[in-house]
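generate a structure from the sequence data that follows.
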Amino acid sequence: MKKTLALILVGLLAVSFVFAAGSGEAAPAKAAGPVKITFWHSMGGVNGEAIAAMVNEFNTINEGKIEVTYEYQGTYDEGFAKLQASGGNYPCDIMQVYDIGTRYMIDSGWVLPMQTYIEKDKWDINQIEPNIAAYYTVDGTLYSMPFNSSTPLLYYNKTAFEEAGITKVPTNFDEIYEAAAKLRVMNADGSVKRYGFGMGNYGWFFEQWMGKQGLHYVNNNNGRGEQYATAVAFDSNGGGLAIAKVWDKVLKEGIAPYLNIGNNDAKAAFISGNIAMTLESTAALKSLLLNIGDRFEVGVGYFPNINKDDKGGVSVGGGSLWMLNTKDTRREDATWEFVKFMISPEQQAKWNAQTGYFPITVAAAETETFKKNIAEYPQFQVAIDQLHDTAPQYAGALLSIFPEARNVVESYIARLANRTIDAKGAVDGMARDINKALAEYNLVNY
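Numbers count the residues shown, from 1 in each chain. As a prediction, the model looks like this:
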């Protein structure tokens, strides 16, 4: 990639010997102090508190050797923008970046692939859940370390299901339509008191449904081939239109209300009981359970297929840890030690229990912390099963302008909801706008 990174060597490795007068013996070297590294993250609230606890524990264990300063950078988008604005001046040693920033990070030339230290340390990569590692692996190289990984689930009001006599959890949209009709409750004035289904306008779902159909989002092996992605594939392979038609149907036929871009409104509607089914991340499980309390029982199922015969799978979302190529060996070595701590079985089990994100390390499932959490929240086992039932080939697309592409998809779904465009027009518009952005980026950067 045609990127020039201004790297300034700030010190030379030297060994100085100071001899005591007349003794001819070297005086003891002065202690260098702990290696200080900086960690940028984008976890707020309870998740941020969990990050702080983990870093503080690491610092206590490594007192006098390594000291990590953790700095909250705002949302994923905000943190990512700050890194881009730095122009490769390495404002931190390690950074949490969302999944859709992966291609850009690889292209930037700013990162030190985790594979470098995995091989240097002879660290067993099989410790990582394979379906999670697959997303961040390109051409056999694990570029970043998975950390906060999640997949989408179907959440449903189990109490309402029982009252409606529904015994089967929907696995595709034909079954969602059928269940939603039974779950819908009307007011005396003819208005809807409770919809059977509702989902936020979230581009992540569009990406997941491409994988569930076993189809590619972009060309060149979903952006994972020898050449980078140059165009979307969802318009030509029919996957995008199938998704847009589902959106069109649930809105036009009143199966679900339009719940705006993002997932906050959908989550609130589910918590309040205004919708009986919704789609959300596995990472939302604990917060949903705590907010709903004993008002109704929450059930979870696999993220639904678009078509009943779809044979694809889900890919992970969330974020991963990226080492920056600072050229400072002491700091890079210290950063690797920090990474290993953050993904150790016990730390990942704690992270899972506190946040709801997957433990990315296989052995975390054997810890007492994990077993206790599963016993308390058995719904999470469905998320684990869904992860294991997918395959690495459905790891998901990589493209340099993914954040922008996701925004484009959401904007056209919003237009579909507002009846200013039909399903085909929405897909054609998505393809046109994303392809234009891709062409502009590739022209400048490749």
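
for the stretch 301-446 of the chain, which segments count as strands?
Remark: strands assigned in the stretch 301-446 of the chain by DSSP state E, counting those that start in this stretch are 317-324.

show me where the stretch 1-150 of the chain has its helices.
45-61, 76-86, 102-108, 114-120, 130-133 (DSSP state H, counting those that start in this stretch).

closest to Leu387 out of these?
Leu387 lies closest, by Cβ to Cβ, to one member of these: helix 130-133, at 5.7 Å. Quick note: C-beta positions are derived from backbone N, CA and C, even for glycine.

counting contacts, what elements does the closest one pack onto?
Other elements packing on helix 130-133 under the criterion 3 or more Cβ pairs under 8 Å, 6 or more residues apart in numbering; DSSP states H and E are strand 145-150, helix 380-389.

can you do 6 Å?
With contacts defined as 3 or more Cβ pairs under 6 Å, 6 or more residues apart in numbering; DSSP states H and E, helix 130-133 has no helix or strand neighbours.

what about that helix, average pLDDT?
Averaging the model's pLDDT scores along helix 130-133 yields 95.

please save the CA atoms from that helix in PDB.
Only the C-alpha atoms of helix 130-133 are listed here, as PDB (Å, rounded to 0.1, in the frame of the first residue of the first chain):
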ATOM      1  CA  PRO A 130     -11.300 -21.100  15.500                       C
ATOM      2  CA  ASN A 131     -14.500 -19.400  14.300                       C
ATOM      3  CA  ILE A 132     -13.500 -16.200  16.100                       C
ATOM      4  CA  ALA A 133      -9.800 -16.300  14.900                       C
END
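
the chain should start at 278 in everything you say after this.
Sure, I'll start numbering at 278, so the last one becomes helix 407-410.

ok, and what's touching it?
By Cβ atoms under 6 Å, 6 or more residues apart in numbering, the residues outside helix 407-410 that reach it are 423, 426, 593, 637, 664, 667, 669.

state the distance from Lys459 to Ser688.
Lys459 is 33 Å from Ser688, where distance means Cβ to Cβ, to the nearest Å.

those two: who's more crowded?
Ser688 (17 against 14; other Cβ atoms under 10 Å).

hmm, Asn568 and Ile548 touching each other?
Yes: Ile548 sits in contact with Asn568 when judged by Cβ atoms under 6 Å, with a separation of 4.9 Å.

can you give me the domain assignment for this structure?
According to the domain assignment given by automatic domain parsing, the chain is divided into the following structural domains: 312-427+593-667, 429-591+677-722.

among Ile548 and Asn568, which residue is more densely surrounded?
Neighbour comparison, Ile548 and Asn568: the larger count goes to Ile548, with 19 against 14 (by other Cβ under 10 Å).

could you check how far the more buried one is from Tyr432?
In this structure, Ile548 and Tyr432 are 10 Å apart, going by Cβ to Cβ.

buried among the contacts of helix 407-410? Make that a PyMOL selection.
The buried residues among these can be selected in PyMOL (16 or more other Cβ atoms under 10 Å) with this line:
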select buried, resi 423+426+593+637+664+667
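
how about the nearest residue to Glu326, chain neighbours excluded?
The shortest distance from Glu326 to any residue other than its chain neighbours is 7.8 Å, reached at Gln631 (Cβ to Cβ, 6 or more residues apart in numbering).

that neighbour: neighbour count?
Neighbour count of Gln631, defined by other Cβ under 10 Å: 18.

Tyr413 versus that one, what's the distance?
The span separating Gln631 from Tyr413 equals 23 Å under the rule Cβ to Cβ.

tell me which of the helices of the stretch 278-427 of the chain sits nearest to Ser621.
Of all the helices of the stretch 278-427 of the chain, it is helix 322-338 that lies closest to Ser621, at 9.9 Å by Cβ to Cβ.

now the closest one: mean pLDDT?
On average, helix 322-338 scores 96.

hey, C-alpha coordinates of it in CSV?
As requested, the backbone C-alpha atoms of helix 322-338 are provided in CSV (Å, rounded to 0.1, in the frame of the first residue of the first chain):
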residue,chain,number,x,y,z
GLY,A,322,-20.1,2.0,31.2
VAL,A,323,-19.9,-1.5,32.8
ASN,A,324,-17.7,-2.7,30.0
GLY,A,325,-15.2,0.1,30.7
GLU,A,326,-15.2,-0.8,34.4
ALA,A,327,-14.3,-4.4,33.4
ILE,A,328,-11.4,-3.1,31.3
ALA,A,329,-10.2,-1.0,34.1
ALA,A,330,-10.3,-4.0,36.5
MET,A,331,-8.3,-6.2,34.1
VAL,A,332,-5.6,-3.6,33.5
ASN,A,333,-5.3,-2.8,37.1
GLU,A,334,-4.8,-6.5,37.9
PHE,A,335,-2.2,-6.8,35.2
ASN,A,336,-0.3,-3.8,36.6
THR,A,337,-0.4,-5.2,40.1
ILE,A,338,1.0,-8.5,39.0
